[in-house]
Each structure stands twice: as C-alpha cells, then as structure tokens.
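**Q** need a 3D model of the following:
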Amino acid sequence: MQRDARPAALLAPTHLAPTPIAALPAQDSATVQALMRDFARDLARAGARIAGVTQMRGQDAAGRSRIFLRDLSSDAEFVISQDLGPGSVACNLDAGELAMACAAVERAARDGADLIVVSKFSKQEAERGGLCDAFRAAMSARIPVIAAVSPHFREEWRLFAGPLAEDVDPSHEALSAWWARAGQRK
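**A** Okay, here's the model as predicted:
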C-alpha cells in the first residue's frame, strides 16, 4: 500500500475549521499513556464516543515483557513487540500488529467518534508509517485527536501536523481545557 507522504496538515480541507489536535509531551511515556486513557474513559462515562489506542507494557502468558496497544472502545489488545529469541538485538516491533491497531482506529474514525486517542507519534510515524493513517483518518473525519509526541521527533511532528496541533501540558486539567476549546471549534 502506497502511503501519502504529504504532511497531514496539507490533507485537511481548508474551508473548514481545523481539526483540534492535542499534542502531549511524551518524556514519561507510561504516565502520559495513563493520562490519555483516564481522560478518554472520563469522557466516555460522560457520554462521549471515544476511540483509539494507548500503549501499555505487560507480560505475555510466558512471563516475557511485551508492549501492546489497547483499543479504548473494545479493550482489544495488539501486542506490538515480538520475541526474536535470546541474544537478538534487532528491532522487535511487530509491524503486522501495529497495522491491525491502526486499522481499528481508522474503522472507528469512519464509524464516528467524538475523540480519537493515538498512543504516540514516534519513529514509525516520523517515517510516515506506524499510526500515521490513524491520524489522517481522524483528521479527515474532523474528529479531535489527543496524541503523545516523542521528544526525539518533535520537528517531524511539527512538519506532519503543522498548525493543526496544540501543545498541551500533560495534566487532566489542561486536557479538559483543550477539550472545551475543541468543542467550540466543531
């Protein structure tokens, strides 16, 4: 599948208000992932339709450490790290599982949601892979997005999201204020 290499900001219709995107600094990934998950669940309890994925660390049935993405609307888990065997130093990202998680977010955007959470913008996304299509699907559907942005890929993020993204402090209060502003732009 050919990926559109244009920045997401160029794909947004210019005659509509921009899609609100909250960019959270991901220096402390586990804390930011928990914040996004808790914020989305609070909105869901208040009646909002939420979708997207957050990243978590855990253990598989054999007790091995794994990284997985959890779908916020279905609780499905996508194990994105794979066991490459003892002594392996290669990247253990399972691109197939990551693609399935991305497809789940894209489906949710097509089906309609009030908010989409994208676990992060990092190396894969900076190379226009990973969850980039999930970002694009949300923006095309005019659905507000919350994402964690790796400090190592801030410049790539700025090129990707352009003026659509707003840097938001990683706190429930700051996200709530952003959400209130996002609702006014719809």
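**Q** quick one: low-confidence ranges for the protein?
**A** Under the criterion pLDDT under 70, the flagged ranges of the chain are 1-17, 83-91, 184-186.
**Q** in it, which spans are helices?
**A** 8-11, 29-45, 95-111, 123-126, 132-140, 154-161, 172-185 (DSSP state H).
**Q** a markdown table for these, including mean neighbour count and distance to V53?
**A** Just so you know, the C-beta spots here come from the backbone N, C-alpha and C atoms, and that holds for glycine as well. Putting the helices of the chain into a markdown table (neighbours: other C-beta atoms under 10 Å; distance: least, C-beta to C-beta, whole Å) gives the following:
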| stretch | mean neighbour count | distance to V53 |
| --- | --- | --- |
| helix 8-11 | 16 | 17 |
| helix 29-45 | 17 | 10 |
| helix 95-111 | 18 | 5 |
| helix 123-126 | 19 | 13 |
| helix 132-140 | 23 | 8 |
| helix 154-161 | 17 | 18 |
| helix 172-185 | 14 | 17 |
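**Q** could you dump the ones you listed into a markdown table with distance to L72 added?
**A** Formatted as a markdown table, the entries for those read as follows, by distance: least, C-beta to C-beta, whole Å:
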| stretch | distance to L72 |
| --- | --- |
| helix 8-11 | 21 |
| helix 29-45 | 5 |
| helix 95-111 | 9 |
| helix 123-126 | 18 |
| helix 132-140 | 12 |
| helix 154-161 | 21 |
| helix 172-185 | 14 |
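**Q** nearest to F68, of these?
**A** The closest of these to F68 is helix 95-111. By C-beta to C-beta, the value is 8.1 Å.
**Q** what's the separation between the most centrally placed residue in the chain and D60?
**A** Within the chain, one residue has its C-alpha closest to the average C-alpha position: by C-alpha atoms, centre = their mean, that is V118, at 1.0 Å. The span separating V118 from D60 equals 24 Å under the rule C-beta to C-beta, to the nearest Å.
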